[in-house]
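J.: Show me the folded form of this:
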Amino acid sequence: MQAVHTHPAGADATTLKSALINLLGVAESTYSTSPIVTALESEGVVGFLGDFLTLAPEDIDGLESPPASGLVNVDPWVPLPKTSKRKLKILIAYYHFGSRRKGGGIDMTQVSKKGFDIFRCTEYDPSEPIVPWKTALKKSSDINTWKKTLRPNTNDFIQHRSDEFWPRTRERYRTTLQAMDLEDLIKKGFQPLEPILYALQMKWLYKVFQDKLQSPVTKSIVTKYIDTKDTRLLWEELEAKVGNSMTADIQSTKISEYLTTIRLDSGTWKGAQENFLLHFKEQARLYNELVEPSEQYSEQIFIKFLHLAVSGTPNLATVLNTQYAARSAAGVTTKMSFSEYVSFLQSQAQIYDMSHRTSNPRL
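T.: Now for the predicted structure:
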């Protein structure tokens, strides 16, 4: 067996490297000497689409890595561990699984580790052959599986009662669907390869929308699609009408007023200091979600707002200047981030809260 040490700079090689590092856990620092990488390269596999996907299961079973000594013609080659071979098979299976759902080849550099792990733990079956995504399944076992066991937990979707919080709802729904590998259900113009399964999944998601989207505007939009249950068009309309609602402007004004006027020592906050800091941080995040990019506050502005909010609280009032002095003495020239400032304040707040035994679940 001759070792091949070709390292093309093309996108296909980058895709393979990204998949092996981000999805299979190959260490980037030792990538070139990883047994998985050297075993693949020894067989001329250096790209994802052009090389890796051409491997049959028996090809993977026969993979060996060159001896660490480098004496490929003297020392014995080392078979890859079974776990490594299984991971490589799962990687190929995932590509075809994801591409079948999308109706076209997926970009493996954009696949999340969480989505891959969900497939690996709940959907991959080593006893089933890997079917190329362009090959139609004889019997939609996916449909039967969906009907019986694989419907995701609807409790993962938050309740939406006020449109002023639509940006938060939209963000949570998108990330939840991404984690479930079901984001295609809200993708504009998506054409599924398996329409029957896709229709079942849309019916399921429509029921989620029906149960969870309870504000007057969102409820009205959901009801319009009760016959077709086309969640792609439904989501498109939600984005267009709820996202541009006046309630978002009203809420952002309220939050801005809160951020600029609230004072911890005023007596209006009745709970723990740390909870106040976390609440303030969440309001800052929500404000920047609600407004246009040109209207967002910078991190330095948020630091000023929070400093003013705690300026009358003895154990927190000096934290900012103390940190500025420490950074200056240490020669640190980068700006302090808002999250860093909140963390410094939290350290002092935790000491205060422990001594005063206060609590407040409000966030």
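
J.: ranges for the strands of the chain?
T.: With DSSP state E, the ranges of strands along the chain come out as 64-65, 78-79.

J.: Give me the average confidence score over the last one.
T.: Think strand 78-79. Mean pLDDT, strand 78-79: 88.

J.: just the strands of the chain: most buried one?
T.: Comparing the strands of the chain on average neighbours per residue, with mean count of other C-beta atoms under 10 Å, the densest one is strand 64-65 at a mean of 19. The way it works is simple: take the backbone N, C-alpha and C, and place the C-beta from them, glycine included.

J.: Would you give the sheet partners of it, along with the direction of each?
T.: Take DSSP bridges as the rule and strand 64-65 pairs in its sheet with strand 78-79 (antiparallel).

J.: Now render the strands of the chain as JSON lines, adding distance to D12.
T.: Supplementary listing: the strands of the chain in JSON lines, determined by distance: least, C-beta to C-beta, whole Å:
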{"stretch": "strand 64-65", "distance to D12": "22"}
{"stretch": "strand 78-79", "distance to D12": "26"}
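
J.: Which among these is found nearest to Q300?
T.: Between Q300 and these, the shortest gap by C-beta to C-beta is with strand 64-65, which sits at 51.0 Å.

J.: Quick check: Y198 touching Q191?
T.: No: the pair Y198 / Q191 is not scored as a contact, 9.1 Å apart, by C-beta atoms under 8 Å.

J.: which residues does the residue nearest to Q201 when sequence neighbours are not counted contact?
T.: Closest residue in space to Q201, ignoring its immediate chain neighbours: L185 at 5.8 Å, by C-beta to C-beta, 6 or more residues apart in numbering. Residues near L185 by C-beta atoms under 8 Å, 6 or more residues apart in numbering: 177, 198, 201-202, 205, 231-232.

J.: Now do L185, the pLDDT please.
T.: 94.

J.: again with Q110
T.: pLDDT, Q110: 92.

J.: how far away is it from I196?
T.: Using C-beta to C-beta, to the nearest Å, one obtains 27 Å as the distance from Q110 to I196.

J.: Looking at those two, which one has more neighbours?
T.: Between Q110 and I196, I196 has the larger neighbour count (other C-beta atoms under 10 Å), namely 12 against 9.
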